[in-house]
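# What shape does this take:
(4 chains)
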There are 2 protein chains.
Amino acid sequence: MSVQERKQRERASRERLIVATARELAEQQGWDAVTTRRLAERIEYSQPVLYSHFRGKREIIGAVALQGAAELATAVRAATSAADGPRARVAALARAYLDFAARNPAVYDALFQLDGGLAYAREDTPEPLKDAFAALLECLAEVAGDGVDAGLFTEVFWASLHGLATLTRADRLLPEYAESRVELLVDRLVVL
Amino acid sequence: MSVQERKQRERASRERLIVATARELAEQQGWDAVTTRRLAERIEYSQPVLYSHFRGKREIIGAVALQGAAELATAVRAATSAADGPRARVAALARAYLDFAARNPAVYDALFQLDGGLAYAREDTPEPLKDAFAALLECLAEVAGDGVDAGLFTEVFWASLHGLATLTRADRLLPEYAESRVELLVDRLVVL
DNA sequence: CTCGATTGTCTAGCAGTGCTAGGATCGAGT
DNA sequence: ACTCGATCCTAGCACTGCTAGACAATCGAG
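Numbering: from 1, shown residues only, chains lettered A, B, ... in the order given. Alright, predicted model coming up:
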């Protein structure tokens, strides 16, 4: 039995290597540079090996996305729990979110920009994605305002952050307003 | 001279045909289906002809984007001018924007999701793009609130709309909340 | 200790992509 | 009528995601 277990461990380890390498390559040179050939070469295996772990490139993107979702949730929770008062918590959440998107553009793309073959906003949504949304909701529920559904409010707030994140990174907004945008958004959307 | 003029007209007409066909194809089957071969076949010329009009596929996307920007500006202005009162105008703007994104997904992608090789938020930004932003600003300036820069407010409002538009289309938000999201966003961001 | 079967991996290749070099063809101006 | 430049197409390059089939290493049974 232990032989099979060792092989399973090795397989799992190689799978992690694939995901980590894909992420690294995407972060360094963008997802366009993540080709199956380059990825295979970096992990020092041939291309078909990739397909024994994942159905295709899309699933590899999805794996990176799931990893990113978990990290995003952690980052958001760390930021919010370190802040005092509802207003400060939401501001910290917004900054943590945008910071994550700015520091991990490729992961952010995998999560929300590219097709990783993942289901969102459904029952069969993978746990990390649900949890990332939950991390936002936990903090935002207390400032949604009376009679406003927390889920609805979270969707709106999240969409605004997502818009800021993507448009900022695509150089479609003025850089000098970056901080003011966050302040304005938080001040207006939050009900204290 | 008239011979050259005729040729110029024919060239311009063929260029319009290329852009229109690319847009049509993208709207029908998505931008992935817009390959140089398919596009060439549809306009009944060989691929190299495309490259005598545009530097490459990216520039074709850019051309569709510019066309879309003009239409978006028109749609927004039409919607806002037909509404009474600041609150109603902004709500109409939001709905018109989201409606445009929903009805012309490929064009919206060309504008804000794909790389069309266009410069945004700069002096050398093409006129249609500046004008589309201006259309938003015209309406939003009156509800930015005291002491808040109209440009800053427009960026935030636009980013929120963009987030809603993209996340909605990617099935990342609950469909039943669609209308509520717009209401909530407008109510909170607008200062009457 | 050997032999067949199974597992794992790689080489080679397919159909498709964006893009371009070079030759053929056409038509305008002399 | 002829030249010559503009215009267009054929053919091909290097690349993409993905896969069939050959090959080698490993394992269990006799």
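
# Pull the contacting residues for A:Gly151.
The neighbours of A:Gly151, taking CB atoms under 8 Å, 6 or more residues apart in numbering or on different chains as the test, are A:Leu137, B:Leu174, B:Tyr177. Heads up, the C-betas are built off the backbone N, CA and C, glycines and all.

# For chain A, what lies in contact range of chain B?
A:112-113, A:120-121, A:148-149, A:151-153, A:155-156, A:158-164, A:166-167, A:170-174, A:177, A:180-181, A:184-185, A:188-189 (CB under 8 Å from any CB of the partner chain).

# Just the ones in helices from these, please.
A:151-153, A:155-156, A:158-164, A:166-167, A:180-181, A:184-185, A:188-189 (DSSP state H).

# Next up, the contacts around the residue of chain A found nearest chain B.
For chain A and chain B, the shortest gap (CB to the nearest CB) falls at A:Gly163, measuring 3.1 Å. Counting by CB under 8 Å, 6+ apart, A:Gly163 touches B:Trp158, B:Ala159, B:Ser160, B:Leu161, B:His162, B:Gly163, B:Leu164, B:Thr166.

# Pick the one among those residues closest to DNA strand C.
For the contacts of A:Gly163, the minimum distance to DNA strand C (CB to the nearest atom of the strand) is 22.5 Å, reached by B:Thr166.

# do you know how far the closest one is from A:Val148?
23 Å (CB to CB, to the nearest Å).

# okay, those two: which has more neighbours?
B:Thr166 (23 against 17; other CB atoms under 10 Å in any protein chain shown).

# Is that one in contact with A:Trp158, as I believe?
No. If you go by CB atoms under 8 Å, B:Thr166 and A:Trp158 don't touch, sitting 11.6 Å apart.

# Which segments of chain A make up each domain?
By the record's domain assignment, chain A is partitioned as A:1-53, A:57-189 (automatic domain parsing).

# The shortest one: how far from the chain's middle?
Using CA atoms, centre = their mean, to the nearest Å, we find the averaged C-alpha position of domain A:1-53 to lie 20 Å away from the chain's own average C-alpha position.

# Tell me the residues on chain A that lie near DNA strand D, please.
A:Val3, A:Val34, A:Thr35, A:Thr36, A:Arg37, A:Arg38, A:Gln47, A:Pro48, A:Tyr51, A:Gly56, A:Lys57, A:Arg58 (CB under 7 Å from any atom of the strand).

# Identify the farthest-apart pair in those.
A:Val3 and A:Thr35 (34.4 Å; CB to CB).

# Tell me which other helices or strands the host helix or strand of A:Glu71 touches.
A:Glu71 is part of helix A:57-81, with elements assigned from DSSP states H and E. On a contact count with 3 or more CB pairs under 8 Å, 6 or more residues apart in numbering or on different chains; DSSP states H and E, helix A:57-81 meets helix A:2-29, helix A:86-103, helix A:105-108, helix A:127-140.

# Residues touching that helix, excluding its own?
A:18-19, A:22-23, A:26, A:31, A:34, A:36, A:39, A:50, A:54, A:89, A:92-93, A:95-97, A:99-100, A:104, A:106-108, A:110-111, A:114-118, A:126, A:128-129, A:131-132, A:134-136, A:138-139.

# Just the buried residues of those residues.
A:18-19, A:22-23, A:26, A:31, A:34, A:36, A:39, A:50, A:54, A:89, A:92-93, A:95-97, A:100, A:104, A:106-108, A:110-111, A:114, A:116-118, A:128-129, A:131-132, A:135-136, A:138-139 (16 or more other CB atoms under 10 Å in any protein chain shown).

# For DNA strand D, what is the nearest residue in chain A?
A:Gly56 (2.7 Å).

# what number of residues lie near that residue?
Quick note: A:Gly56 (other CB under 10 Å) scores 12 neighbours.

# From A:Gly117, how far out is it?
9 Å.

# now swap in A:Ile18 and tell me
For A:Ile18, the distance to A:Gly117 - CB to CB - is 16 Å.
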